[in-house]
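S.K.: next come a sequence and a model predicted from it.
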Amino acid sequence: MGKEKPATIAIDGPAASGKSTIGYLLAKRLGYLYFDTGAMYRALTWAALEQNLDTKDQEAMTELARSVEIEIRPGNAKDGRHYTVLLNGKDVTWAIRRPEVDGQVSVVSAHPGVRQIMSQRQREIGKRGRTVMVGRDIGTVVLPDADLKIYLDASPEVRARRRLMQIESRGEKADSQQILEEMRRRDRIDSQRQLAPLKPAEDAVIVDTDPLTLGQVMEKVIGLAEGWRGK
Ligand code: DC
(Lines give C-alpha, C1' and ligand atoms only; values in the text may rest on other atoms or scores of the structure.)
Protein backbone atom coordinates (compact mmCIF):
# COMPACT_ATOMS: atom_id res chain seq x y z
CA MET A 1 0.00 0.00 0.00
CA GLY A 2 1.38 3.44 -0.94
CA LYS A 3 1.91 5.99 1.76
CA GLU A 4 -1.04 8.32 2.15
CA LYS A 5 -0.53 12.00 1.31
CA PRO A 6 -2.58 14.98 2.46
CA ALA A 7 -5.18 15.55 -0.30
CA THR A 8 -5.69 19.22 0.48
CA ILE A 9 -2.89 21.47 1.62
CA ALA A 10 -3.58 25.02 2.75
CA ILE A 11 -0.73 27.54 2.74
CA ASP A 12 -1.42 30.93 4.29
CA GLY A 13 0.75 33.86 5.20
CA PRO A 14 1.34 37.58 4.65
CA ALA A 15 2.39 39.22 1.37
CA ALA A 16 5.82 38.13 0.10
CA SER A 17 6.22 35.42 2.73
CA GLY A 18 7.17 33.06 -0.10
CA LYS A 19 3.87 31.20 -0.10
CA SER A 20 3.28 31.47 -3.85
CA THR A 21 6.69 30.08 -4.81
CA ILE A 22 6.56 27.40 -2.15
CA GLY A 23 2.97 26.46 -3.00
CA TYR A 24 3.82 26.19 -6.68
CA LEU A 25 6.90 24.04 -6.11
CA LEU A 26 5.12 21.81 -3.62
CA ALA A 27 2.18 21.26 -5.98
CA LYS A 28 4.55 20.42 -8.81
CA ARG A 29 6.44 17.97 -6.65
CA LEU A 30 3.26 16.20 -5.53
CA GLY A 31 1.57 16.38 -8.94
CA TYR A 32 -1.25 18.47 -7.43
CA LEU A 33 -3.18 21.48 -8.68
CA TYR A 34 -1.66 24.77 -7.55
CA PHE A 35 -4.30 27.35 -6.78
CA ASP A 36 -3.34 30.90 -5.77
CA THR A 37 -6.49 32.53 -4.37
CA GLY A 38 -4.89 35.99 -4.26
CA ALA A 39 -5.06 35.99 -8.07
CA MET A 40 -8.87 35.93 -7.87
CA TYR A 41 -8.99 39.04 -5.66
CA ARG A 42 -6.44 40.69 -7.92
CA ALA A 43 -8.42 39.90 -11.08
CA LEU A 44 -11.54 41.34 -9.49
CA THR A 45 -9.63 44.50 -8.53
CA TRP A 46 -8.35 44.82 -12.10
CA ALA A 47 -11.90 44.52 -13.39
CA ALA A 48 -13.00 47.30 -11.03
CA LEU A 49 -10.17 49.58 -12.13
CA GLU A 50 -10.86 48.92 -15.80
CA GLN A 51 -14.49 49.89 -15.32
CA ASN A 52 -13.61 52.91 -13.18
CA LEU A 53 -15.67 51.63 -10.28
CA ASP A 54 -15.24 52.81 -6.71
CA THR A 55 -13.39 49.97 -4.96
CA LYS A 56 -14.72 51.16 -1.60
CA ASP A 57 -18.31 50.60 -2.71
CA GLN A 58 -19.18 47.23 -1.19
CA GLU A 59 -22.38 46.80 -3.20
CA ALA A 60 -20.72 47.56 -6.52
CA MET A 61 -17.80 45.25 -5.71
CA THR A 62 -20.09 42.40 -4.64
CA GLU A 63 -22.15 42.78 -7.80
CA LEU A 64 -18.96 42.79 -9.86
CA ALA A 65 -17.71 39.64 -8.07
CA ARG A 66 -20.99 37.94 -8.89
CA SER A 67 -20.92 38.87 -12.56
CA VAL A 68 -17.27 38.50 -13.64
CA GLU A 69 -15.83 35.26 -14.86
CA ILE A 70 -12.42 34.56 -13.37
CA GLU A 71 -10.59 31.46 -14.49
CA ILE A 72 -7.23 30.24 -13.31
CA ARG A 73 -5.59 27.71 -15.58
CA PRO A 74 -2.21 25.99 -15.62
CA GLY A 75 0.45 28.29 -17.17
CA ASN A 76 0.37 28.33 -20.96
CA ALA A 77 3.16 30.73 -21.84
CA LYS A 78 6.91 30.56 -21.49
CA ASP A 79 7.24 33.90 -19.71
CA GLY A 80 7.78 32.72 -16.17
CA ARG A 81 4.12 32.50 -15.19
CA HIS A 82 2.95 29.77 -12.81
CA TYR A 83 -0.60 29.95 -14.10
CA THR A 84 -2.80 31.93 -16.46
CA VAL A 85 -5.55 34.19 -15.18
CA LEU A 86 -8.49 34.88 -17.48
CA LEU A 87 -10.92 37.68 -16.74
CA ASN A 88 -14.03 37.31 -18.88
CA GLY A 89 -11.86 35.30 -21.26
CA LYS A 90 -9.03 37.87 -21.47
CA ASP A 91 -5.51 37.08 -20.27
CA VAL A 92 -4.76 39.37 -17.30
CA THR A 93 -1.95 37.30 -15.76
CA TRP A 94 0.55 40.17 -15.73
CA ALA A 95 -1.90 43.06 -15.49
CA ILE A 96 -3.00 41.92 -12.04
CA ARG A 97 0.57 42.38 -10.76
CA ARG A 98 0.57 46.12 -11.49
CA PRO A 99 1.07 48.62 -8.64
CA GLU A 100 -2.48 50.01 -9.13
CA VAL A 101 -3.79 46.58 -8.22
CA ASP A 102 -1.40 46.27 -5.26
CA GLY A 103 -2.77 49.58 -4.01
CA GLN A 104 -6.46 48.61 -4.16
CA VAL A 105 -6.68 44.85 -3.68
CA SER A 106 -6.78 44.97 0.12
CA VAL A 107 -9.76 47.32 -0.04
CA VAL A 108 -11.62 45.10 -2.52
CA SER A 109 -10.89 41.89 -0.62
CA ALA A 110 -12.08 43.34 2.69
CA HIS A 111 -15.73 43.51 1.55
CA PRO A 112 -17.70 40.65 3.16
CA GLY A 113 -19.92 40.23 0.07
CA VAL A 114 -16.86 39.80 -2.13
CA ARG A 115 -15.24 37.31 0.25
CA GLN A 116 -18.34 35.19 0.43
CA ILE A 117 -18.49 34.75 -3.34
CA MET A 118 -14.76 34.16 -3.74
CA SER A 119 -14.50 31.71 -0.81
CA GLN A 120 -17.38 29.68 -2.17
CA ARG A 121 -15.70 29.33 -5.58
CA GLN A 122 -12.40 28.46 -3.95
CA ARG A 123 -14.00 25.84 -1.73
CA GLU A 124 -15.50 24.10 -4.74
CA ILE A 125 -12.07 23.81 -6.32
CA GLY A 126 -10.48 22.61 -3.07
CA LYS A 127 -13.14 19.95 -2.58
CA ARG A 128 -11.85 18.11 -5.64
CA GLY A 129 -8.69 17.24 -3.67
CA ARG A 130 -5.03 16.95 -4.76
CA THR A 131 -4.75 20.70 -4.39
CA VAL A 132 -2.29 23.09 -2.83
CA MET A 133 -4.31 26.23 -2.13
CA VAL A 134 -2.52 29.43 -1.21
CA GLY A 135 -3.95 32.58 0.39
CA ARG A 136 -4.70 34.34 3.66
CA ASP A 137 -7.73 32.49 5.03
CA ILE A 138 -7.51 29.05 3.44
CA GLY A 139 -6.84 27.13 6.66
CA THR A 140 -9.26 29.24 8.70
CA VAL A 141 -12.24 29.85 6.39
CA VAL A 142 -12.05 28.41 2.89
CA LEU A 143 -10.86 24.89 3.73
CA PRO A 144 -11.10 24.53 7.52
CA ASP A 145 -10.89 20.75 7.04
CA ALA A 146 -7.71 20.85 4.94
CA ASP A 147 -5.52 17.85 5.68
CA LEU A 148 -2.38 19.90 6.16
CA LYS A 149 -2.22 23.58 7.07
CA ILE A 150 0.96 25.57 6.81
CA TYR A 151 1.40 29.21 7.81
CA LEU A 152 4.49 30.85 6.36
CA ASP A 153 5.60 33.84 8.36
CA ALA A 154 8.35 36.44 7.91
CA SER A 155 9.09 39.91 9.25
CA PRO A 156 8.05 42.94 7.15
CA GLU A 157 11.73 43.86 6.60
CA VAL A 158 12.64 40.46 5.16
CA ARG A 159 9.51 40.38 3.01
CA ALA A 160 10.18 43.89 1.67
CA ARG A 161 13.70 42.81 0.73
CA ARG A 162 12.38 39.73 -1.07
CA ARG A 163 9.77 41.76 -2.94
CA LEU A 164 12.43 44.28 -4.02
CA MET A 165 14.61 41.47 -5.38
CA GLN A 166 11.62 40.07 -7.25
CA ILE A 167 10.89 43.45 -8.87
CA GLU A 168 14.55 44.04 -9.75
CA SER A 169 14.84 40.59 -11.27
CA ARG A 170 12.17 41.67 -13.76
CA GLY A 171 14.43 44.58 -14.73
CA GLU A 172 12.19 47.12 -12.98
CA LYS A 173 13.11 49.68 -10.33
CA ALA A 174 11.54 50.29 -6.95
CA ASP A 175 12.16 52.17 -3.72
CA SER A 176 12.86 49.87 -0.77
CA GLN A 177 11.39 52.22 1.86
CA GLN A 178 8.22 52.61 -0.16
CA ILE A 179 7.89 48.84 -0.51
CA LEU A 180 8.29 48.38 3.23
CA GLU A 181 5.63 50.99 3.97
CA GLU A 182 3.24 49.50 1.43
CA MET A 183 3.84 46.05 2.95
CA ARG A 184 2.98 47.34 6.43
CA ARG A 185 -0.13 49.09 5.13
CA ARG A 186 -1.39 45.91 3.46
CA ASP A 187 -0.56 43.79 6.54
CA ARG A 188 -2.58 46.19 8.63
CA ILE A 189 -5.66 46.01 6.39
CA ASP A 190 -5.40 42.23 5.84
CA SER A 191 -5.01 41.40 9.53
CA GLN A 192 -7.47 43.93 10.95
CA ARG A 193 -10.42 43.36 8.65
CA GLN A 194 -13.46 41.97 10.39
CA LEU A 195 -14.10 39.00 8.17
CA ALA A 196 -11.42 36.33 7.70
CA PRO A 197 -8.45 38.38 8.91
CA LEU A 198 -4.98 37.08 8.22
CA LYS A 199 -4.07 34.74 11.06
CA PRO A 200 -2.84 31.16 11.42
CA ALA A 201 -5.46 28.44 11.93
CA GLU A 202 -5.23 26.82 15.35
CA ASP A 203 -4.02 23.58 13.80
CA ALA A 204 -1.59 25.18 11.34
CA VAL A 205 2.13 24.49 11.41
CA ILE A 206 3.81 27.89 11.61
CA VAL A 207 7.08 28.19 9.73
CA ASP A 208 9.19 31.28 10.45
CA THR A 209 10.99 31.79 7.15
CA ASP A 210 13.19 34.75 8.24
CA PRO A 211 16.34 32.70 8.84
CA LEU A 212 15.67 30.22 6.03
CA THR A 213 16.55 30.13 2.36
CA LEU A 214 13.89 29.19 -0.17
CA GLY A 215 15.48 25.73 -0.41
CA GLN A 216 15.29 25.28 3.34
CA VAL A 217 11.64 26.33 3.50
CA MET A 218 10.93 23.91 0.67
CA GLU A 219 12.68 21.09 2.52
CA LYS A 220 10.62 21.77 5.60
CA VAL A 221 7.34 21.90 3.72
CA ILE A 222 8.05 18.71 1.77
CA GLY A 223 8.94 17.07 5.08
CA LEU A 224 5.54 18.11 6.46
CA ALA A 225 3.69 16.72 3.43
CA GLU A 226 5.64 13.49 3.27
CA GLY A 227 5.71 12.96 7.01
CA TRP A 228 1.94 13.43 7.22
CA ARG A 229 0.32 10.58 9.09
CA GLY A 230 -3.36 11.34 8.53
CA LYS A 231 -5.74 13.39 10.63
O1 DC B 1 -1.27 36.98 -2.12
P2 DC B 1 -1.55 38.27 -2.90
O3 DC B 1 -0.62 39.40 -2.54
O4 DC B 1 -1.62 38.05 -4.38
O5 DC B 1 -3.01 38.70 -2.42
C6 DC B 1 -3.62 39.86 -2.89
C7 DC B 1 -4.59 40.42 -1.87
O8 DC B 1 -5.74 39.57 -1.77
C9 DC B 1 -4.06 40.61 -0.47
O10 DC B 1 -4.03 41.98 -0.14
C11 DC B 1 -5.03 39.92 0.44
C12 DC B 1 -6.09 39.36 -0.44
N13 DC B 1 -6.34 37.93 -0.23
C14 DC B 1 -7.28 37.58 0.68
O15 DC B 1 -7.85 38.46 1.33
N16 DC B 1 -7.60 36.27 0.87
C17 DC B 1 -6.97 35.31 0.19
N18 DC B 1 -7.31 34.04 0.39
C19 DC B 1 -5.96 35.66 -0.74
C20 DC B 1 -5.66 36.98 -0.92
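M.R.: That came through fine. All values derive from a computational prediction rather than experimental measurement.
S.K.: flag the shaky bits of this protein, pLDDT-wise.
M.R.: 1-3 (pLDDT under 70).
S.K.: show me where it has helices.
M.R.: 19-30, 38-50, 58-67, 99-109, 112-127, 156-169, 176-192, 214-226 (DSSP state H).
S.K.: skipping adjacent residues, who's closest to residue 33 in space?
M.R.: residue 131 (4.7 Å; CB to CB, 6 or more residues apart in numbering). No exception for glycine: its C-beta is placed from N, CA and C like everyone else's.
S.K.: isn't that neighbour right up against residue 6?
M.R.: No - under the criterion of CB atoms under 8 Å, residue 131 makes no contact with residue 6, lying 10.1 Å away.
S.K.: what touches both of those two?
M.R.: Here residue 131 and residue 6 share no contacting residue, scored by CB atoms under 8 Å, 6 or more residues apart in numbering.
S.K.: to the ligand, which of the helices of the chain lies closest?
M.R.: helix 38-50 (2.6 Å; CB to the nearest ligand atom).
S.K.: show me what the closest one is in contact with.
M.R.: Residues contacting helix 38-50 (CB under 8 Å, 6+ apart): 20, 55, 60-61, 64-65, 68, 70, 72, 83, 85, 87-88, 92, 95-98, 100-101, 104-105, 108-109, 114, 118, 121-122, 134-136.
S.K.: the ligand contacts on this protein?
M.R.: 15, 37-38, 41-42, 105-106, 109, 135-138, 186, 190 (CB under 6 Å from any ligand atom).
S.K.: dump the residue contacts of residue 104.
M.R.: Counted by CB under 8 Å, 6+ apart, residue 104 has contacts 45, 48, 49, 55.
S.K.: farthest pair in those?
M.R.: 49 and 55 (7.6 Å; CB to CB).
S.K.: show me which of the two is the more surrounded one.
M.R.: Higher neighbour count among residue 49 and residue 55: residue 55, with 21 against 17, using other CB atoms under 10 Å.
S.K.: OK, contacts around the more buried one?
M.R.: Counting by CB under 8 Å, 6+ apart, the residues that residue 55 touches are 45, 48, 49, 61, 104, 107, 108.
S.K.: excluding sequence neighbours, find me the nearest residue to residue 157.
M.R.: Nearest one to residue 157, counting by CB to CB, 6+ apart, is residue 180 at 6.8 Å.
S.K.: mind putting the helices of the chain into a markdown table with distance to residue 198?
M.R.: Below are the helices of the chain laid out as a markdown table (distance: least, CB to CB, whole Å):
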| stretch | distance to residue 198 |
| --- | --- |
| helix 19-30 | 11 |
| helix 38-50 | 11 |
| helix 58-67 | 19 |
| helix 99-109 | 10 |
| helix 112-127 | 12 |
| helix 156-169 | 13 |
| helix 176-192 | 4 |
| helix 214-226 | 19 |
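S.K.: I'm done for today, thanks for sticking with me.
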